[in-house]
Each structure stands twice: as structure tokens, then as C-alpha cells.
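> how does the following fold in three dimensions:
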Amino acid sequence: MKQPSRFCSGTHRASAAGWLACALLLASALASQASSPPALGVDAPIRIRIESPSPGEPVRNRVHQAPIRGNATADGNEALEYDVILAIDVSGSTRAASGIDVDGDGEVGFNPQKELIPDGLYPADLECTDPGDTILAASILAAKSLIHSLEPGRVRVGVVSFSGEANPQTQRRARYDQQDAWVEVPITATFSRILIALDRIQARGPHGATNFAAAVRLSITELAGLTGAKSRTRPDAKKMVLFLTDGQPSFPFGLSTVQDPGDVEAALNAARVAHKAGITINTYAVGPLALQNPIAATEMARITRGTYTPVRSPGEIVSFLQAVSFANVDDVVFTNMTTHEISTDVNLSPDGSFTGFVPVCEGANRVRVTALASDGTSNSIEFDMEFETAGLSGRELSLELDRIRERNKQLLLLIERDRIQRFRDQQRKAVELEIEKLESKR
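Predicted structure coming up:
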């Protein structure tokens, strides 16, 4: 039942439950844009641009919700385009169980060697009873989830896989000149190619040792457009590597089963080159093996001014990767200053682009958009909007109610993601303190 609004005289508004139920309605106003310049917050570390609605363009919708679209960037990052390499560890250790039902078959694969079960029930070398629930499978699912959240064009993605073939007798590199990293797909805005490449990686399965340096060097080649690159570069795009590993570097030196000082130094030297090329590396250490002595992963991120994220439970890599922010923006909130109503019904993408709805009344509305940066700072911009109501049929309302039920499920996932984000921030601060202590002792 609709109630008169105490903010909008002479009009009728949906009740709080009503407008929430219709919050996801995609109106035609979202697609209409004028040629006027976007609103911009210019005097703060966070820059906010409003792409829609355009200044002076009236907004029409069937419910008292106005769609807003824009983007936000922080920490002096003014990039509106991003070129990203997903570097995925495919070494033999990624065949271990992730701890979640990745393939959704109703059974969670486990490592039979770590369970109290009768001998001989499983092969002695089996590390996961369900091949679809391995660490590699979880990494692939995480990568796919990330791809689905990105905006093609503004973000282009390439995929590099890495491991390292070892001689089974000597446990050293099979050949001195062997290739330990591969371009699965060059940087592209055609995300269907990325999804196909990820399926191909999973079908091949885990193999070999772990060569961090080879993965970083190949990522630099592709992002910087060096000789031999298969990707075309964009000079103005921000360049990033999302580096997923469940272990530590064991190549290019020494034995495949041991992390030698030379392996770490090779990785860090590659990271230094990446930094000089303007490339940021965000590392994700997945599982207990990667967290035992993660100096390579932590230092690669520090050298390139990226982030190091410890993922203690491998299955959580899906949530962690979905929470990545290229633009260093963690949240965006809409506020109607005319009606004093706040909306958190905002979808924020890793590149800082956002879409959502703000509750409005008939006529003039003053709207504020506030963005929260990863470092805790915030910035806001305000603009005026003229709103007009259109009709909503019973059939359309029924479809909208179905959509809001699905949205409620997504909100529950977001709550869980926020919990994980808080945990990740705590871990990141702890690592930063450890690094400061180490540096102070040098």
C-alpha cells in the first residue's frame, strides 16, 4: 500500500518495502545520455564521475527510483582503462583439495591422506577425491567470477599460466632453456576468449614446479608490449597483474621441491622490472603452503606498490578475487539530500565503475554520491536531478519481484564478502607491520 511522502507534497511514494522490492528495475533513462560534461569531484584524492543521468536531462522511471551510473578512482589513480594479466599457478601442488564444492556436484573433495580412512581405499598419491574441487579449480572459478564482474572495453584481460617442468630423476629443470610460463590468451576485451582459456587450463590440470620469475617476466612482456608480445598495449591504461599461487618459487634454480634463495631473488628482480614499467602486482597466497614463508609473494607486491592477500582457506579465493579493486575504491553510497534517504543498492566493479538506484520524489532532487577509498578516506559530489514517474504494469511488477528475490541472495553474499574483506584488511596490516619491523632491523 502506498503512503503519502512527507518530503514530496502532492505525490505518492512506495513504502520502504515497496521501493526496495523495485530497486533493481532497469529504466530506459539508464541508457539515455546527453553530451554535457560529467560531474566530477576534482579537489580530493578520490575522483568521482557521473556518466548518467546527464546534467539537465530529466529522469523517468516506473517507480520512485532513479538509476545512476559512473566511476570512481582513488590514490591519484586517474586511469579510466585497465589492462590486467591473470597469472595463474598451475603447478602440481594445485591438485590439492580446496575445501569447497567448486564444481557444485553436491560433494566436497578432500585429501584422503589427511583423513582417518582405511588404507587402500584411494591411491597413495591422490590429494583430492573430486578433481573438480582442487585448488586449481577454485582459482579458475575465482577468475571466471572476476571476469563476469568487469566492464569490457574499460578493462581488458589476458591470462598467463605458470609452473616448471622438472626432471623426475634429478628434480631439477628438465631443460636449461625450457619455458615455464605461457600466454593462454593475449590481453583482450573479448571475455568469451578468457573463459575458454580458463576452461582449457582446468582441462589440462596441474603439473610441474613453480617459477614466479617466469610468470612475472612474461606478464611484463605482454603488458609493456615488448618484443615477442602477443598483446597490443594501451599507453594510457593502468597495468596490473593479479598473481595467484598456492606455493613458493622453486625454480629457476635448484631442486623443484625446495625454495632456494636464487628462486626468490629471481622473482624479486622481475618485480623490480615490473615496477619500472609501471606495472602493479597484487599477489594472492592461497593455502597453508603459500603462507609458510611468503617472502616472495609479499615482496613482489611491496616492490610494485600492490597488495599481498593471504588466503588461508583455498576455497575463499573466489570471494577474495571478487573483492579486488583496481581503482582502490571499496564502496559507493547514494544519498537523496531532498528526501534524506540513503541507498546502498549500488553495484561496484573492480575498475571503479558503479551502477545503482537512489530513492527520489517527483520534481527536483538533490543527490549526493559518496565513495570510500581503500585507505579509509572518502569524497562526495552532489548534483541536481529532475524526476518524473512512468507507469508499471502488473506483469512488470511480478517480474520485478522475482528479480528482487535474486538480489536478496546477492546481498547475503555481499555481507559474507564484507566479512572476508575485513579479515583481509587485518591480515594486510599485520604483514605491513612485519615488513616495517624487518626493514627497521636492517
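> in the stretch 201-350 of the chain, what residue spans correspond to strands?
Secondary structure of the stretch 201-350 of the chain (DSSP state E, counting those that start in this stretch): strands at 238-245, 279-286, 308-311, 329-336, 341-343, 346-348.
> show me what contacts residue 92?
Shown here is residue 92, whose contacts under the criterion CB atoms under 8 Å, 6 or more residues apart in numbering are 163, 206-209. Just so you know, the C-beta spots here come from the backbone N, C-alpha and C atoms, and that holds for glycine as well.
> going through those residues, which ones are buried?
Using 16 or more other CB atoms under 10 Å as the burial test, those include 163, 206, 208-209 as buried.
> which one of these sits closest to residue 96?
Closest approach between the buried ones among the contacts of residue 92 and residue 96, by CB to CB: residue 206, at 8.7 Å.
> isn't that closest one up against residue 137?
No: contact criterion CB atoms under 8 Å: residue 206 and residue 137 do not qualify, at 9.8 Å.
> follow-up on the earlier one: between the strands of the stretch 201-350 of the chain, which one is nearest to residue 112?
Taking CB to CB as the criterion, strand 279-286 is the member of the strands of the stretch 201-350 of the chain that comes nearest to residue 112, at 20.8 Å.
> pull out the buried residues from the closest one.
Buried residues in strand 279-286, defined by neighbour count with 16+ other CB under 10 Å: 279-286.
> that strand pairs with which strands, and in what direction?
Counting by DSSP bridges, the strands paired with strand 279-286 are strand 238-245 (parallel), strand 308-311 (parallel).
> coming back round to it: reformat the contacts of residue 92 as JSON lines; add pLDDT and distance to residue 102.
Formatted as JSON lines, the entries for the contacts of residue 92 read as follows, by pLDDT from 0 to 100; distance: CB to CB, whole Å:
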{"residue": "163", "pLDDT": "96", "distance to residue 102": "20"}
{"residue": "206", "pLDDT": "95", "distance to residue 102": "14"}
{"residue": "207", "pLDDT": "94", "distance to residue 102": "19"}
{"residue": "208", "pLDDT": "94", "distance to residue 102": "21"}
{"residue": "209", "pLDDT": "94", "distance to residue 102": "24"}
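> spatially, which two of these are the most separated?
206 and 209 (10.9 Å).
> can I get the CA coordinates of stretch 187-199 in PDB?
This file holds the C-alpha atoms of stretch 187-199, laid out as PDB (Å, rounded to 0.1, in the frame of the first residue of the first chain):
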ATOM      1  CA  ILE A 187      45.100  -9.100 -23.400                       C
ATOM      2  CA  THR A 188      41.600  -8.700 -24.900                       C
ATOM      3  CA  ALA A 189      38.200  -7.200 -24.300                       C
ATOM      4  CA  THR A 190      36.500 -10.300 -25.700                       C
ATOM      5  CA  PHE A 191      35.900 -12.000 -22.400                       C
ATOM      6  CA  SER A 192      34.500 -15.100 -24.100                       C
ATOM      7  CA  ARG A 193      38.100 -15.900 -25.100                       C
ATOM      8  CA  ILE A 194      39.200 -15.600 -21.500                       C
ATOM      9  CA  LEU A 195      36.500 -18.000 -20.300                       C
ATOM     10  CA  ILE A 196      37.500 -20.600 -23.000                       C
ATOM     11  CA  ALA A 197      41.200 -20.200 -22.000                       C
ATOM     12  CA  LEU A 198      40.300 -20.800 -18.300                       C
ATOM     13  CA  ASP A 199      38.400 -24.000 -19.200                       C
END
